[in-house]
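Participant: pasting a predicted model and its sequence here:
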Amino acid sequence: MNGQQRLLMIFIRLLSGRKITKRELMEEFGKKESTIQRDIAIIEDVLSEDIAGKTIRETVSIQRDGKGNYQLKDQGEFFDLERLTDEELLILLKILYGSRVFNRHELDSLRGKLMSMAHQPETLQRFLLNEEFHYKGVAQPDLLDRVPLICEAIQENRMVEFTYSKNGATETLRRTPEALYFSDMYLYMISDNHRGKDNATLSDMNKFRINNMEDLKKLSSSAQHKEYTERYEGGLLRNQTGRFSYFGRPITMRVEFYFDPVYVLDRFPDSKIISQKGNVYTLEMQVNDGYGTKMWLLTQGDMIKVLSPASMKEYTINEMIGALELYGYEVYKDGKQEHVRDLDSD
């Protein structure tokens with residue numbers, strides 16, 4: 001590497017806003033301290049040049065901390081050097097690892113790009129070592145190779161064709177993508193509004209895991225224009241369904257909750273407490289009647305009781321009875337009282 005290339009690389013790193021150290025540069029480029037200091041001085045001379053009647057150095061300068069560290073600071077209009085802090089980068093990386101949405105190859109690439117913005121990447125790396133070692137992404141194919149095609153189809157209002165498998169069945173489908181959506185480890189392509197079908201037969205589905213879409217291609221045919229009232233609203237879907245985002249009709253559901261209500265209020269932000277008696281909270285929840293809300297109800301066990309609507313109450317009861325039967329129990333009535341009996345003990 002010649003001196004011009006070395007100067008350019010140092011300047012690019014300074015432009016990233018990160019702090020660079022004299023010792024790191026000496027070791028990387030195999031140069032003496034005086035050479036690195038001379039490089040920094042040359043860059044400062046360039047910053048002092050007159051550009052459009054104003055010197056860059058009036059607003060931009062290389063700051064030294066007396067410990068052999070250099071960082072470019074901008075108080076003006078020439079560069080936008082505002083960067084994410086190391087703490088912000090750490091939070092983003094933790095969320096990426098926790099989502100498990102990407103395969104190992106894509107996550108490593110994203111991590112490398114984010115780490116290149118860090119002021120102290122070695123310190124940041126120590127907070128991620130264990131999660132990086134044990135990481136197992138859900139997606140096998142590269143999601144980021146498929147997303148651009150879907151985004152183009154959305155912008156051009158064109159249909160896409162792909163092969164999709166679910167529950168042992170495989171079909172070739174054509175859909176008009178409307179949005180991308182992330183929920184519970186998966187990145188989805190949405191092809192209908194949030195009141196459509198996505199837990200029906202394969203041919204009726206409108207929410208597809210992108211990692212499960214094969215032979216994806218964009219078609220030349222354009223889709224019909226949809227009315228504004230029929231648009232997809234991902235934010236509303238998330239608020240109505242919590243962790244398990246399935247389409248459904250919006251409903252108001254009342255429940256009794258026998259634990260800290262924050263677990264409901266945080267998951268469903270449009271919910272509210274309407275009464276409290278001791279440790280029993282009655283909540284009114286703005287949700288939808290899709291499979292996601294139903295799954296969430298079943299995960300709460302004996303912490304929740306559905307009061308209304310009757311359809312959600314009956315679904316929860318029937319599913320719980322079905323689960324008991326799997327374990328060899330049955331529910332029977334003795335007069336007006338219901339009891340649970342272990343069939344294996346008879």
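Facilitator: Yep, it's here.
Participant: when you work out contacts or count neighbours from here on, use the C-alpha atoms and nothing else.
Facilitator: OK.
Participant: quick one: contacts of the helix or strand hosting M189?
Facilitator: For M189, the element it lies in under DSSP states H and E is strand 186-190. Residues from elsewhere that reach strand 186-190 (CA atoms under 8 Å, 6 or more residues apart in numbering): 101, 138-139, 150, 177-182, 206-211.
Participant: so for those residues, which is the shakiest by pLDDT?
Facilitator: When these are compared on pLDDT, A139 comes out lowest, with 86.
Participant: what sits against it?
Facilitator: Contact partners of A139, counting by CA under 8 Å, 6+ apart, are R100, V101, F102, N103, Y186, N211.
Participant: CSV for those, including secondary structure?
Facilitator: Converted to CSV, these look like this (DSSP: H, G, I helix; E, B strand; the rest coil):
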residue, secondary structure
R100, coil
V101, coil
F102, coil
N103, coil
Y186, strand
N211, helix
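Participant: re earlier: what lies in contact with the helix or strand following the strand holding M189?
Facilitator: Next helix or strand after strand 186-190 toward the C-terminus (DSSP H and E): strand 207-209. Strand 207-209 is contacted by residues Y186, L187, Y188, M189, I190, S191, D192, K197, D198 when judged by CA under 8 Å, 6+ apart.
Participant: so what strands line up beside strand 207-209?
Facilitator: Paired strands of strand 207-209, with direction, are strand 186-190 (antiparallel) (DSSP bridges).
Participant: show me where the stretch 201-346 of the chain has its strands.
Facilitator: For the stretch 201-346 of the chain, applying DSSP state E, counting those that start in this stretch gives strands covering 207-209, 213-222, 250-257, 272-277, 280-288, 304-308, 329-334, 337-342.
Participant: lowest-confidence stretch among those?
Facilitator: strand 337-342 (a mean of 68).
Participant: where does L7 fall, secondary structure wise?
Facilitator: Assigned by DSSP H and E, L7 falls in helix 3-15.
Participant: and that helix, average pLDDT?
Facilitator: Helix 3-15 comes out at a mean pLDDT of 85.
Participant: quick check: the farthest pair among the contacts of strand 186-190?
Facilitator: Largest separation among the contacts of strand 186-190 by CA to CA: V138 and E178, giving 23.5 Å.
Participant: between these two, which one's more packed in?
Facilitator: Regarding V138 and E178, a neighbour count based on other CA atoms under 10 Å identifies E178 as having more, with 23 against 15.
Participant: okay, now the nearest residue to that one once chain neighbours are set aside: neighbour count?
Facilitator: Spatial nearest neighbour of E178, chain neighbours left out: S191 (5.1 Å); criterion: CA to CA, 6 or more residues apart in numbering. Under the neighbour criterion other CA under 10 Å, S191 is assigned a count of 23.
Participant: also Y228?
Facilitator: Number of residues near Y228 (other CA under 10 Å) recorded here: 7.
Participant: tell me how far it lies from N193.
Facilitator: Y228 sits 11 Å away from N193, going by CA to CA, to the nearest Å.
Participant: export the strands of the stretch 201-346 of the chain to TSV and tack on mean neighbour count and distance to L72?
Facilitator: Output for those, formatted as TSV (neighbours: other CA atoms under 10 Å; distance: least, CA to CA, whole Å):
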stretch	mean neighbour count	distance to L72
strand 207-209	22	43
strand 213-222	14	45
strand 250-257	18	52
strand 272-277	12	49
strand 280-288	21	50
strand 304-308	17	56
strand 329-334	12	70
strand 337-342	11	71
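Participant: format these as JSON lines; extra columns: distance to L298.
Facilitator: Compiled in JSON lines, these are given as follows (distance: least, CA to CA, whole Å):
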{"stretch": "strand 207-209", "distance to L298": "22"}
{"stretch": "strand 213-222", "distance to L298": "29"}
{"stretch": "strand 250-257", "distance to L298": "13"}
{"stretch": "strand 272-277", "distance to L298": "20"}
{"stretch": "strand 280-288", "distance to L298": "15"}
{"stretch": "strand 304-308", "distance to L298": "9"}
{"stretch": "strand 329-334", "distance to L298": "18"}
{"stretch": "strand 337-342", "distance to L298": "18"}
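Participant: widest-spaced pair of the contacts of A139?
Facilitator: Across the contacts of A139, the longest distance by CA to CA is 12.3 Å; it joins R100 and N211.
Participant: which one's more surrounded, these two?
Facilitator: Applying other CA under 10 Å to R100 and N211 shows that N211 carries more neighbours, namely 22 against 18.
Participant: contact partners for that one?
Facilitator: With contact set as CA under 8 Å, 6+ apart, N211 has these partners: A139, Q140, P141, D142, L143, Y186, L187.
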